[in-house]
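> Dropping a prediction and its sequence here:
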Amino acid sequence: MKIGVLVTGHPPENMRENGAYDQYFARLLEGHGFEIEGWAVVDGQFPPGIDAADGWLITGSKHGAYEDHDWIPPLEEFIRAAWAAGKPMIGVCFGHQIIAQAMGGRVEKFAGGWSVGRTGYQMDGKTVTINAWHQDQVTERPEMAEVFASTAFCENAGLLYGDTFWTIQPHPEYDADFIDGLIRTRGKGVVPDDLLEAASALLDQPTDRMEVARTMADFFTKARTR
């Protein structure tokens, strides 16, 4: 199965030794039999159409879904075309947000501030820990979306759109080293110091990122009604 990754952002310049974000997801989903190809839509590089892959994944980004960028309207059109065709799609962080926005939801800078580092989410009746890095949130979900993951801080942390779209606010592709790098690069002076310190203190604690990776792989490969 070929998965097309729509890359909507880049790692900080001094953290690019491990490649672009499509490669982070290739490593996360390694062993599940996927062929991965990335398109840097953030740089205007779009796939020729929704049939260029069997399923799609939209990455995180430093940009806001509500910002005025030339690549955002065609990305939203691509999302809606994938929905109309029944193409499975996963969205992570910005991907989670832009899918919600494209499908009629609302994304905003959350008045409650930031969520960074190791975070526990209530997901399918149990607590699943994943690394987070966001201030923006889906504050109003689309009518067809159902919540499958949440916290007191982030109500719409995981959204399921029938059997076609699966989206999540935190970052299963981020390991402790990457979060540490973000704390040292993009965090200082932007995220409150107490949140950065708390995230740093938990860097050596395990997460359930590979369990989430299996869930993502299962979503892509599941039998569908259309």
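Yep, that arrived. Numbering: from 1, shown residues only.
> Return the residues in contact with the residue most central in space within the chain.
Geometric centre of the chain, nearest residue: Val92, 0.9 Å, by CA atoms, centre = their mean. Applying CB atoms under 8 Å, 6 or more residues apart in numbering, one finds that Val92 lies in contact with 25, 57-60, 167-168, 170-173. For glycine as for every other residue, the C-beta is placed from the backbone atoms N, C-alpha and C.
> Now do it, the pLDDT please.
At Val92, the model reports a pLDDT of 98.
> Now do it against Glu173, distance only.
Per CB to CB, to the nearest Å, Val92 is found 7 Å from Glu173.
> Can you check which residues contact both of these two?
Taking CB under 8 Å, 6+ apart as the contact rule, Val92 and Glu173 both touch 25, 59-60.
> among those residues, who's most crowded?
Ranked by neighbour count (other CB atoms under 10 Å), these have Thr59 at the top, with 27 neighbours.
> Out of the contacts of Val92, list just those in helices.
If you go by DSSP state H, those have Phe25 in helices.
> Switch the contacts of Val92 over to JSON lines; also include distance to Lys87.
What follows is these, written out as JSON lines (distance: CB to CB, whole Å):
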{"residue": "Phe25", "distance to Lys87": "17"}
{"residue": "Leu57", "distance to Lys87": "11"}
{"residue": "Ile58", "distance to Lys87": "12"}
{"residue": "Thr59", "distance to Lys87": "17"}
{"residue": "Gly60", "distance to Lys87": "20"}
{"residue": "Thr167", "distance to Lys87": "14"}
{"residue": "Ile168", "distance to Lys87": "18"}
{"residue": "Pro170", "distance to Lys87": "24"}
{"residue": "His171", "distance to Lys87": "23"}
{"residue": "Pro172", "distance to Lys87": "21"}
{"residue": "Glu173", "distance to Lys87": "21"}
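> which one of the contacts of Val92 sits closest to Met123?
Of all the contacts of Val92, Ile168 has the smallest distance to Met123: 8.8 Å, by CB to CB.
> and that closest one, how many neighbours?
Counted with other CB under 10 Å, the neighbours of Ile168 add up to 25.
> Show me what it is bridged to.
Under DSSP bridges, the beta-bridge partners of Ile168 are Val92, Gly158.
> which residues touch it?
Listed by CB under 8 Å, 6+ apart, the contact partners of Ile168 are 90-93, 96, 130, 149, 157-159, 212.
> can you give me the strands in the chain?
In the chain, the strands defined using DSSP state E lie at 2-6, 35-39, 55-58, 89-92, 106-109, 115-123, 126-134, 136-140, 145-150, 158-161, 165-168.
> Reformat these into TSV and put distance to Gly187 next to each item.
Formatted as TSV, the strands of the chain follow (distance: least, CB to CB, whole Å):
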stretch	distance to Gly187
strand 2-6	25
strand 35-39	26
strand 55-58	23
strand 89-92	19
strand 106-109	16
strand 115-123	7
strand 126-134	8
strand 136-140	16
strand 145-150	24
strand 158-161	24
strand 165-168	21
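> okay, and for this protein, where does confidence drop off?
Residue ranges of the chain with pLDDT under 70: 226.
> can you do 90?
Within the chain, the segments meeting pLDDT under 90 span 12-19, 124-125, 185-189, 223-226.
> Counting neighbours, what do you get for the closest residue to Met89 other than its chain neighbours?
Leaving aside its chain neighbours, Met89 sits nearest to Trp56 (4.4 Å; criterion: CB to CB, 6 or more residues apart in numbering). Trp56 has 26 neighbours, counted by other CB under 10 Å.
> Kindly state the beta-bridge partners for Trp56.
Under the criterion DSSP bridges, Trp56 forms beta bridges with Gly4, Met89.
> Brilliant, that's me finished.
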